[in-house]
Each structure stands twice: as structure tokens, then as C-alpha cells.
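Student: any chance you can model this:
(2 chains)
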Amino acid sequence: AQKITQTQPGMFVQEKEAVTLDCTYDTSDQSYGLFWYKQPSSGEMIFLIYQGSYDEQNATEGRYSLNFQKARKSANLVISASQLGDSAMYFCAMIPNYGGATNKLIFGTGTLLAVQP
Amino acid sequence: NAGVMQNPRHLVRRRGQEARLRCSPMKGHSHVYWYRQLPEEGLKFMVYLQKENIIDESGMPKERFSAEFPKEGPSILRIQQVVRGDSAAYFCASSPVTNYYGYTFGSGTRLTVV
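Tutor: Down below sits the predicted model:
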């Protein structure tokens, strides 16, 4: 079954510290894409970072990095130097069979991150 | 370049009424996806459309829900005879081609059925 699992319903982190949000995935496809989205309290979905299954290096975008461990099927998001504005819900998502006819995203249930001053 | 525009932002309907949700993709984007987010859950895929064609509707409920993306105008998600369980946030995303990542999402329409 194709599935995304986020086991942390909520997390606290101190401002300026780093935090890791866990994500594991399940797919039998060889080609797939992994994504992280941020959903602040205002409700919009903001794309953060992407990792392709054939990418050998971990993706990075500013303070965001994706710790991709293919053998363990994990795609954890690392946020460095947390800021108060990082407080939001974070969703891990996957496109299985990437490059196929429909690139539909499968989402996890999300992790609510609260950054404390 | 305006992003994906969804309207209305909030919609309240009584049980049994119809709900029409609109999505205008980014300029140059001809692919539209609709997702539904139930309270306390992640987004779930509903339907994927290209101009005038439904490509994948495997996530759409079999009854009362329909979607279109006409040659001119926005994509429309229509829910007929709404029930309380339809209360959710409905998001639209667009992309320029099929094989593309980092879809741009709209801000969503929050539907409340009373």
C-alpha cells in the first residue's frame, strides 16, 4: 500500500534551535517524489522542499533540509535555527510512480510544530 | 503573476443545497488538482483535470460530486445536496505540465454545512 506516516502529532522547539520532523513512506515504485508542505494557521499550503527517489544528495532549501534515507524509507524534514514564524502544521507527502499519468500527492496526517521564544 | 485563486474563501450551505467551488489556476497552467482536507487530517486527492478533460477521478465520491475544467474559465468543483460530512477545506493546485513538482496550491475554500 502507498502510504505516508507521520508519527509526531505535535512538537515543541525553542527558538533558534534545530528540529527534525519524522516521515516514513511506503511504496513499491522505483520512481517517486517526496515533498514537505507547511500549513500555517491561515490555512494555505506552502511548498517547502522536494526530494526525488533517484537523487543521491539530500535536498536543501535555505533553512530546510530533507534527510533522505532510502533503505529505511524515511524522509525527515530538518528545520535549522527555528523562528517563531515556523509555528505551523507540516505535512509530508509523496507522489508514487512519479512521471506516470497522474502525479497525485499522498499526504501524511501532519505534525503541528510550536516554536517557543 | 497571480497565484492559484480559489473562491469563495469561506462557504456556508444548508444541508441539501449545492456548493460550487472555483479555482483559477496560475497563468500558463493547464493542469488542475482538487484535494479535500477533513478536520484534523491531511489532504486527500479527489480529481485531476486538464483543460476540458478529467484525467483521474479516483478520489471523488461516486455520488453528488463532480468537477470540470472548461476551455475558458475556472475549474469548478460542484457538490450537490450537501451533507454535514462534506464540511471540509477544499484545495486546488495547478501545474504547467504533468511531470512537475512543487505544485502551487490555492488558499482553499472552507465549506461548512449547517
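Student: please make it C-alpha for all contacts and neighbour counts, starting now.
Tutor: Will do.
Student: where does the spatially most central residue of chain B land in three-state SS?
Tutor: In chain B, the centroid-proximal residue (CA atoms, centre = their mean) is B:Trp34; its distance is 3.8 Å. With DSSP: H, G, I helix; E, B strand; the rest coil as the basis, B:Trp34 sits in strand.
Student: not including adjacent chain positions, what is the nearest residue to it?
Tutor: B:Cys92 (4.5 Å; CA to CA, 6 or more residues apart in numbering or on different chains).
Student: what sits against the one you found?
Tutor: Applying CA atoms under 8 Å, 6 or more residues apart in numbering or on different chains to B:Cys92 gives the contacts B:Val4, B:Gln6, B:Cys23, B:Val32, B:Tyr33, B:Trp34, B:Tyr35, B:Phe105, B:Gly106, B:Gly108.
Student: give me the number of residues near the last one?
Tutor: This means B:Gly108. Residues near B:Gly108, counting by other CA atoms under 10 Å in any protein chain shown, number 29.
Student: next SSE after the lowest-mean-pLDDT helix or strand in chain B?
Tutor: Within chain B, no helix or strand scores below strand B:104-105, which has a mean of 88 by mean pLDDT, DSSP states H and E. Sequence order places strand B:109-113 as the next helix or strand after strand B:104-105, per DSSP states H and E.
Student: pretty sure A:Ser53 is touching A:Ser31, no?
Tutor: Yes - counting by CA atoms under 8 Å, A:Ser53 touches A:Ser31, with 5.8 Å between them.
Student: just for chain B, where's the confidence low?
Tutor: Scanning chain B for pLDDT under 70 picks out the ranges B:1-2, B:98-102.
Student: show me where it has strands.
Tutor: Along chain B, counting by DSSP state E, strands occupy B:5-7, B:10-13, B:19-24, B:31-37, B:43-50, B:53-56, B:65-68, B:75-79, B:88-95, B:104-105, B:109-113.
Student: now distance to A:Leu77 too, for the ones you listed, in a markdown table please.
Tutor: Below are the strands of chain B laid out as a markdown table (distance: least, CA to CA, whole Å):
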| stretch | distance to A:Leu77 |
| --- | --- |
| strand B:5-7 | 28 |
| strand B:10-13 | 31 |
| strand B:19-24 | 30 |
| strand B:31-37 | 22 |
| strand B:43-50 | 18 |
| strand B:53-56 | 30 |
| strand B:65-68 | 34 |
| strand B:75-79 | 33 |
| strand B:88-95 | 22 |
| strand B:104-105 | 20 |
| strand B:109-113 | 28 |
